[in-house]
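Asker: sequence plus predicted model, see below.
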Amino acid sequence: EAGVTQFPSHSVIEKGQTVTLRCDPISGHDNLYWYRRVMGKEIKFLLHFVKESKQDESGMPNNRFLAERTGGTYSTLKVQPAELEDSGVYFCASSLQGSNEQFFGPGTRLTVL
Amino acid sequence: QKEVEQDPGPLSVPEGAIVSLNCTYSNSAFQYFMWYRQYSRKGPELLMYTYSSGNKEDGRFTAQVDKSSKYISLFIRDSQPSDSATYLCAMNTGGFKTIFGAGTRLFVKA
């Protein structure tokens, strides 16, 4: 069974540009989560989807971040416009309905210059 | 004060040693406790998942939760060089927002 996949693995952009990260959860997992780890800090929760609905987006840092999960399958996280402090590793995770045993993807390393 | 405190290490032990990794937390509402292992440039891999207080064993790994002390531990027996990684504790209240510790870097020397 394929695990959580994320694309791209690494993205380097300039301040002010737009970047879109993609996450494909484990097949059949209704719950999808985004987390990020900035340099020297803990992994922080960003938001949680159940199917296509946002259940909790309390961790989204500001309105430059937009997450979508059209059709309840894959999800995208767009950062527009990117700032230097957005650099870090963005992780996606998924879990089965009713379970919070979360399985993580390999992450996307975002570098904003 | 952070909700979850974890010593970042690094922790260096010889092969075969028993490793003890720990976290403390402040939110008494946490009920679900996890340990993840993360290799360099990889995503966190779920190792242990426990509910409330008590012990759980899986092979060489034992997770302990003491809710009265707000303290959780992960023990690794017969440690191997392949166990060298960052170990992250994580916890939540039963919802889906999971809070992570900073991670402890472990080195097991052959």
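Answerer: Arrived safely, thanks for sending.

Asker: what does chain A have sitting close to chain B?
Answerer: Near chain B, the residues belonging to chain A are A:4, A:31, A:33, A:35, A:41-45, A:48, A:55-56, A:58-59, A:91, A:95, A:100-107 when assessed by Cβ under 8 Å from any Cβ of the partner chain. Bear in mind the C-beta positions are built from the backbone N, C-alpha and C, glycine included.

Asker: please pick the buried ones from those residues.
Answerer: The neighbour-count test (16 or more other Cβ atoms under 10 Å in any protein chain shown) marks A:4, A:31, A:33, A:35, A:42-45, A:48, A:55-56, A:59, A:91, A:95, A:100, A:102-107 as buried among these.

Asker: narrow the residues you listed to those in strands?
Answerer: Among those, DSSP state E puts A:31, A:33, A:35, A:43-45, A:48, A:55-56, A:91, A:95, A:103-104 in strands.

Asker: low-scoring stretches of the chain, by residue?
Answerer: All of this is about chain A. Within chain A, the segments meeting pLDDT under 70 span A:1.

Asker: ok, now with 80
Answerer: Counting by pLDDT under 80, chain A has low-confidence residues at A:1, A:100.

Asker: nearest residue to the middle of it?
Answerer: Closest to where the C-alpha atoms of chain A average out (Cα atoms, centre = their mean) is A:Trp34, at 3.5 Å.

Asker: burial count for the nearest residue to that one once chain neighbours are set aside?
Answerer: Among residues not flanking A:Trp34 along the chain, A:Leu46 sits closest, at 4.1 Å (Cβ to Cβ, 6 or more residues apart in numbering or on different chains). Counted with other Cβ atoms under 10 Å in any protein chain shown, the neighbours of A:Leu46 add up to 21.

Asker: ditto for A:Ser27
Answerer: Neighbours of A:Ser27 under the rule other Cβ under 10 Å: 9.

Asker: again, but for A:Arg22
Answerer: Applying other Cβ under 10 Å, I find that A:Arg22 has 14 neighbouring residues.
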